[in-house]
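A.B. asks: okay, sequence plus prediction incoming.
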Amino acid sequence: MNVEANEELNQPLGGNQMPRFGGNATMMRLPAQETAAGLDACFVGVPLDIGTSNRSGTRFGPRAMRAESAMLRPFNMATGAAPFSEMQVADIGDVAINTFDLKKSIELIAEAYRQILSHGVIPLTLGGDHTLTYPILRAVAERHGPVALIHIDAHSDTNDEMFGEKIAHGTPFRRAVEDKLLINDKVFQIGLRGTGYAPDDFEWGRSRGFTVVQAHECWHKSLSPLMADIRVRIGDAPVYLTFDIDGLDPAFAPGTGTVEVGGLTSMQGLEIVRGCAGLNLVGGDLVEVSPPYDTSGNTALLGANLLYEMLCVLPRKSKS
């Protein structure tokens, strides 16, 4: 299949135009622009790691994923998606967080996403630690109302506090429920596992209506049937997709801060994202890539690929 590039739409810089180790340091070497004006979808970085509780370093995640994304090409050979032939996409850079104040950073992120969403664009976020999903959901819910959520993670991130703090990378979905940002019976947490302090670590979400699919329930099987069921249950509701890279087994994604054994495979991660095709996705993120623990760059490469796959399943709203 030969897909013609639409000359009116932004295209990634090809490997035959510029060696992949050169060129722009943007996601997929796309054109950069300062705002989301005129776009259907955008990539945006949130270089945050002051919400982490163990190994830090996710502030470098957006930069690393952009670097590794130079290997990505515009046509999806598995699904047939050609997003750059149908949508106007650019990299709009990073949110300027306050690296010394997490609470101020939350407000800065929320306001940045209000501005992004005001252009009618679908943002795909390069994280950054998982704290960032909370302010993004605040901005998303202001525009779309409460949303369904597909959440891939080793951890439920529904803690009430961490070290006495209400805001951290282990608390975003507790805060989101309290703020009525989610459609609770359309929240799906996939890949949860590991040790805990008490059953409430996972049961809190279930008690609020979440569907929790623990990692061991996914072992040795395709997740395509699970995603088919999730699509039916979500229907046409607006949905946000949040993918913590530690949802995958550390054999595939060692470069993260809170690794847990027995996780999902990279193939299952692709099945989950590809299984979102047809949903009313209003945003997504890939979080918790920590380059200091990613000596090969493979975790960042996997994160970049998953973000590209998210782009491939977005609702088509081309301005061409």
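C.D. replies: Cool, the structure landed. Since this is a predicted model, take the numbers as computed values, not measurements.

A.B. asks: please make it C-alpha for all contacts and neighbour counts, starting now.
C.D. replies: Noted.

A.B. asks: could you list the low-pLDDT ranges of the chain?
C.D. replies: The model of the chain has pLDDT under 70 over residues 1-6, 317-320.

A.B. asks: so residue 112 makes contact with residue 93?
C.D. replies: No: in this structure residue 112 lies outside contact range of residue 93 using CA atoms under 8 Å: 11.4 Å.

A.B. asks: for residue 155, what are phi and psi?
C.D. replies: Dihedral angles phi and psi of residue 155 (degrees, to the nearest 10) take the values phi -130, psi 150.

A.B. asks: skipping adjacent residues, who's closest to it in space?
C.D. replies: Nearest non-adjacent residue to residue 155, counting by CA to CA, 6 or more residues apart in numbering: residue 192, 5.2 Å away.

A.B. asks: and residue 301, by the same measure?
C.D. replies: That would be residue 68: by CA to CA, 6+ apart, it lies 5.0 Å from residue 301.

A.B. asks: gap between that neighbour and residue 29?
C.D. replies: 10 Å (CA to CA, to the nearest Å).

A.B. asks: repeat that for residue 212.
C.D. replies: Taking CA to CA, one finds residue 212 at 37 Å from residue 29.

A.B. asks: so between those two, which is more surrounded?
C.D. replies: residue 29 (25 against 18; other CA atoms under 10 Å).

A.B. asks: residue contacts, that one?
C.D. replies: Counting by CA atoms under 8 Å, 6 or more residues apart in numbering, residue 29 makes contact with 12-13, 23, 66, 69-70.

A.B. asks: just those now: which is nearest residue 257?
C.D. replies: residue 66 (19.3 Å; CA to CA).

A.B. asks: what is the burial count for residue 294?
C.D. replies: Residues near residue 294, counting by other CA under 10 Å: 17.

A.B. asks: which ones among the contacts of residue 29 lie within helices?
C.D. replies: Residues of those located in helices (DSSP state H): residue 66.

A.B. asks: of the contacts of residue 29, just say which sits nearest to residue 304.
C.D. replies: residue 69 (5.4 Å).

A.B. asks: what separation do you get for the closest residue to the closest one other than its chain neighbours and residue 305?
C.D. replies: What sits nearest to residue 69 in space, not counting adjacent residues and going by CA to CA, 6+ apart, is residue 28, at 4.9 Å. Distance, residue 28 to residue 305, by CA to CA: 10 Å.

A.B. asks: the two: who's more crowded?
C.D. replies: A count of neighbours by other CA under 10 Å puts residue 28 above the other of residue 28 and residue 305, at 28 against 19.

A.B. asks: is it true that that one touches residue 72?
C.D. replies: Yes: between residue 28 and residue 72 there is a contact at 6.2 Å, judged by CA under 8 Å.

A.B. asks: sec struct for the residue nearest the centre of the chain, please.
C.D. replies: In the chain, the centroid-proximal residue (CA atoms, centre = their mean) is residue 285; its distance is 1.8 Å. Of the three states, residue 285 takes strand according to DSSP: H, G, I helix; E, B strand; the rest coil.
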